[in-house]
Every structure is written in structure tokens, then in C-alpha cells.
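# Generate coordinates for the sequence data below:
(2 chains)
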There are 2 protein chains.
Amino acid sequence: MLKNILLIIEYCGKNYAGWQRQQNGISIQEKIENAIQELTGQKININGSGRTDAKVNALGQCANFKIDCTIPPPNFSMALNSILPEDIRILESFEVDMDFHARYSATGKYYRYTILNRKMPSAIYKHTTCHVKQPLDVEKMIKASSYFIGEHDFRAFMSAGSNIKTTIRTIYSLNITQNDNLIFIDIKGNGFLYNMVRIIAGTLAEVGKGSIPVEEVKNIIQSHDRSRCGPTLKASGLCLMEVFYN
Amino acid sequence: MLKNILLIIEYCGKNYAGWQRQQNGISIQEKIENAIQELTGQKININGSGRTDAKVNALGQCANFKIDCTIPPPNFSMALNSILPEDIRILESFEVDMDFHARYSATGKYYRYTILNRKMPSAIYKHTTCHVKQPLDVEKMIKASSYFIGEHDFRAFMSAGSNIKTTIRTIYSLNITQNDNLIFIDIKGNGFLYNMVRIIAGTLAEVGKGSIPVEEVKNIIQSHDRSRCGPTLKASGLCLMEVFYN
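Residues are numbered from 1 along each chain as shown, chains lettered A, B, ... in the order given. Presented below is the predicted three-dimensional model:
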């Protein structure tokens, strides 16, 4: 009998060309689909909650697939982990309703962007942080973050190359916290445009440096003008923390 | 004129046979000494605050060396970083008194041991944590930690192979905190025996599992009997955070 199985996936993006299966480079999707084939003998397509770019990490990516096999759904995690490389781990696997789709059923996502703010780059956390050398004023960043909350047309915070119907998104929360020289930007929203979190992080970093005034962020959002935002910060600082479902 | 220079060093231990220069394997000490030679043309011996084993990480290792050269001491950090591999970073370099010695002048050290406590191992933090699958009762671990505080003969918490005068050490503090499924054991003391932090962490983990009762830890310390402690936990969970000097 066909079952619909949901995987919760953690991965280190460093060695991959991103989530999505592609010609040029090894993807996380491909690794998992190959592992399912090795385990079950069945060539299956899995639906991710969305793409993550090369080098982006995930603590809570979600993907589902339909399969007719005798393996109990909770056993897929252990079984797939024994096949997968160590930098991809299935944290959980369980059966979901047949109409569940990891992408279309998602009601929102939680991303964390991590900045290492000190003079020297990290010897240990290079692949999970973005190094920013200039001292950042976190209080200013927190003040500016409030302008992002709510429903806005985030066209200014999108890289070219995506084909989407609307650039309106709702940010539920944007929290900035500091632990020693690490700055965490936690963003939850109903959806994100291409590179949106990395451009928001880049804009907040410019606010922290003092090169974009706090109040200017409101105007930048309204301008819909990408050139007025900060740069797209490095993929290594981004982590998909959680995908929300009802 | 001869100057005495102190380096504050961060490294990821994953790719090294430990701090100490040795025949079999590449050490962090060797990498730094080679970088100093490449920079200055001088073959110099550096004094580390102490050894760290293979795979142990450091956020604040200290080492000093004496050199007669025209490079301003604060410039050594940037200059050496341009030569060193990315998993070794000199965070700071500055001149210290001629009688300063990174090992003999040290008054204490701060180590952190990090346990990832969940069913699945980490895809991302494998080299900076130790994975413990069984659920740990952190409240019990905190209660047991109090027995370690103060001056004790820690002979039970020492691996064979070290040549030392006394096994008496003073633990200034032992704090256990939890962040989601990460458990941090922060230990500060005037000195540590070989593998002492990893055996303390292993014993506290057994307390957390319920296989060693909380009150038994007091007896284990007094017994001076290694066989009654928990196992030596993995090197990857250990990090030398700071070396104390007056």
C-alpha cells in the first residue's frame, strides 16, 4: 500500500551544490534519492520544502515521498543514515496524510543567519558563519529589524533568477541576539524570495556598520530597489532551522 | 633586540595529531613554528600552555616565543594567518615580559566539553561535539558536579601515560548548561590531569543516564580508582577556551 513519508533532514551544505538535483554538482536531494533507491530498490522523487543554495546549511529541512514498501516509516531515518554520508542526517521519518506535500503544505519557514563579528575569521566555524570584520552596532540592527515585520513587497530583497507570481511576503518575527562575538538573526515568515534572508542580513550588517541609517531601512523596503540594500551575505552563514506545517 | 611574544590561538583539532610537535602526524605547534620560520627566516621553538590531544579544539590556546626581529608584535597575527591553514587562526599577538612563559606562568585553564544529546548524530557539528544517544538528566548532572569543586586528589580522573608530581588539583567552577539538545560542561581549574576533563564529562554523562547515582560521585573521587569513573569521552567534544594568567 502506498504511504506518504516525511523526512526531517539536517545537513552541512559545505560539500554540496545545494538541495536541488542538478547537472553540475552533487545535491543533497540526489544523495537522499539515491539512498532510498539503495535501500528499497525503488527510484523515487522526493519533494523538498524548497531549495537551499550551495553551502547553505539546514537543521530542519523537510521532504516527503510516496512509496509502497514494507519498511515501517519510523525506520527510514536509521536505515537511510546508514547509507548517507555523515554530513546528511535524517533526524526523523514518519507517515503523513496522502495529500501532504513538503512544499505546498508549508505555512512558513524559520531561517537563522549567523555573523561572526570580530577581527579574525574562525578556525572552527567557517562553514556555519559569515565573518564580518568591522564592529557591528547590534542595538542599531535590532532597531532596524522592526521595519521588516509584517506584510511587505520585498522586491528589493530578491536576487534575479527566480520566477515567481508575487514578491509580497509576511515576516512573522525577526529577532537579533548576541552571544559573545556571534550575532544571530532569526527570521520567521510565510515564505522567502530568492536570497531574501541573505540580503536582509547584508542590509542589517550595513546598518550595524553605520553605513545605512536605521530609519533608511523603511525607505529601502518601500523603494523596491535592490541597489539600495546591503550585499547578499555568504551562503555559509544561512541555516534553514524549521519548516512550519499546520 | 629580543622580544617575548604571546599568541592567542584558535584551532580546529580535526585534521591534527594534537598541539605538540611529534614524529607521527602533523601538529598545530609544528604548523605555527613553520609559519614563523617562513615569515622571519628564524627557526624558533614556541612554548604552548599545554598539550591538547588529537582532535581537541581550542578557542584560546596560548603560546609564547622569543625572537629578535623588526616585525611589530601585534602584526604577527595577521602575518602568520596569511601563511597558516584556515583551521588555525592567531587571534591576537602582543609583547609580554621577558620572564613570561605560556606554560609556567599559567594560573589556570578553562575547558568546555560539549555533548549533543539526541537520537541522531550531527551532520554539522560532528567535530565540535560528542554525540550521546541516551537521554541525559541534566538536573542530576548539575547536582553531581558540585562534588568536583575545590581541591581534590583527582587520581581517579587521569589516563595512564602522564609523568606528574602530584594528582591534586583545584576546580574553581563546574557549570552545566543546556541549549536545546546541546549540553555544555564548563570547567575552570588551576590545572588538569591527562584526560581529566574528558573523564569528568564521561562520569557526569553516566550520572545523567542514571547508571552512576549522584551521591556516588563523591565516593568515586575519594576512591582514586579510575575503573569506577565513566569512560573518557571523545576528543571532539573538548575545547580549550581560555588560559589564565595574572
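# Might you enumerate the residues of chain A proximal to chain B?
A:10-12, A:57, A:59, A:77, A:81, A:86-91, A:118-124, A:126-128 (Cβ under 8 Å from any Cβ of the partner chain). Where you see a C-beta, it was placed from the backbone N, CA and C, and this is true even at glycine.
# From these, keep the buried residues only.
Buried positions within the residues of chain A next to chain B, assessed by neighbour count (16 or more other Cβ atoms under 10 Å in any protein chain shown), are A:10-12, A:57, A:59, A:77, A:81, A:87-91, A:120-124, A:126-128.
# Among those, which lie within strands?
Using DSSP state E, the members of those that fall in strands are A:10-11, A:57, A:59, A:88-91.
# Spatially, which two of the residues you listed are the most separated?
Maximum pairwise distance among these (Cβ to Cβ): 15.5 Å, between A:Asn57 and A:Ile90.
# what ranges do the helices span in chain A?
A:28-40, A:76-81, A:138-145, A:196-209, A:216-223 (DSSP state H).
# Can you say which of those is packed in most?
Mean neighbours per residue, mean count of other Cβ atoms under 10 Å in any protein chain shown, is largest over the helices of chain A for helix A:196-209, with a mean of 25.
# you'd agree A:Gly202 is up against A:Ala235?
No - checked against Cβ atoms under 8 Å, the pair A:Gly202 and A:Ala235 is beyond contact range at 12.0 Å.
# domain ranges for chain A?
A:3-96, A:107-245 (automatic domain parsing).
# May I see these organised as CSV, with mean pLDDT added?
Shown next, in CSV, are the domains of chain A (pLDDT from 0 to 100):
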stretch, mean pLDDT
domain A:3-96, 97
domain A:107-245, 97
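# want to try a markdown table for the ones you listed, with distance to B:Thr166 as columns?
Formatted as a markdown table, the domains of chain A follow (distance: least, Cβ to Cβ, whole Å):
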| stretch | distance to B:Thr166 |
| --- | --- |
| domain A:3-96 | 41 |
| domain A:107-245 | 33 |
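# Now do the end-to-end distance for stretch A:78-97.
Taking Cα to Cα, to the nearest Å, the first and last residues of stretch A:78-97 lie 22 Å apart.
# Show residues contacting that stretch.
The contact list for stretch A:78-97 (Cβ atoms under 8 Å, 6 or more residues apart in numbering or on different chains) reads A:3-12, A:14-15, A:28, A:31-32, A:35-36, A:38-39, A:60, A:64, A:71, A:73-77, B:118-124, B:126.
# got the buried residues for stretch A:155-165?
By 16+ other Cβ under 10 Å, the buried positions in stretch A:155-165 come out as A:155-158.
# and of the residues you listed, the nearest to B:Phe148?
Set against B:Phe148, the nearest of the buried residues of stretch A:155-165 by Cβ to Cβ is A:Phe157 (50.3 Å).
# for the closest one, what are its contacts?
By Cβ under 8 Å, 6+ apart, the residues touching A:Phe157 are A:193, A:195-196, A:199-200, A:203, A:221, A:226, A:229.
# before we move on, what about A:Glu151?
Neighbouring residues of A:Glu151 by Cβ under 8 Å, 6+ apart: A:168-170.
# I'd like the distance between it and chain B.
Computed as Cβ to the nearest Cβ, to the nearest Å, the A:Glu151 to chain B distance reads 30 Å.
# who's that residue bridged to?
Beta-bridge pairing of A:Glu151 under DSSP bridges involves A:Thr170.
# cool, A:Tyr110 as well?
Beta-bridge partners, per DSSP bridges, of A:Tyr110: A:Lys188, A:Glu242.
# Now do it against chain B, distance only.
Separation of A:Tyr110 from chain B (Cβ to the nearest Cβ) stands at 13 Å.
# these two touch, right, that residue and A:Leu238?
No - if you go by Cβ under 8 Å, A:Tyr110 and A:Leu238 don't touch, sitting 11.9 Å apart.
# Looking at those two, which is more packed in?
Taking neighbours as other Cβ atoms under 10 Å in any protein chain shown, A:Tyr110 and A:Leu238 compare with A:Leu238 leading, 25 against 18.
# Next, count neighbours for the closest residue to the more buried one other than its chain neighbours.
In this structure, A:Leu238 finds its nearest non-sequential neighbour in A:Val56, 4.7 Å apart by Cβ to Cβ, 6 or more residues apart in numbering or on different chains. Neighbourhood size, A:Val56 [other Cβ under 10 Å]: 26.
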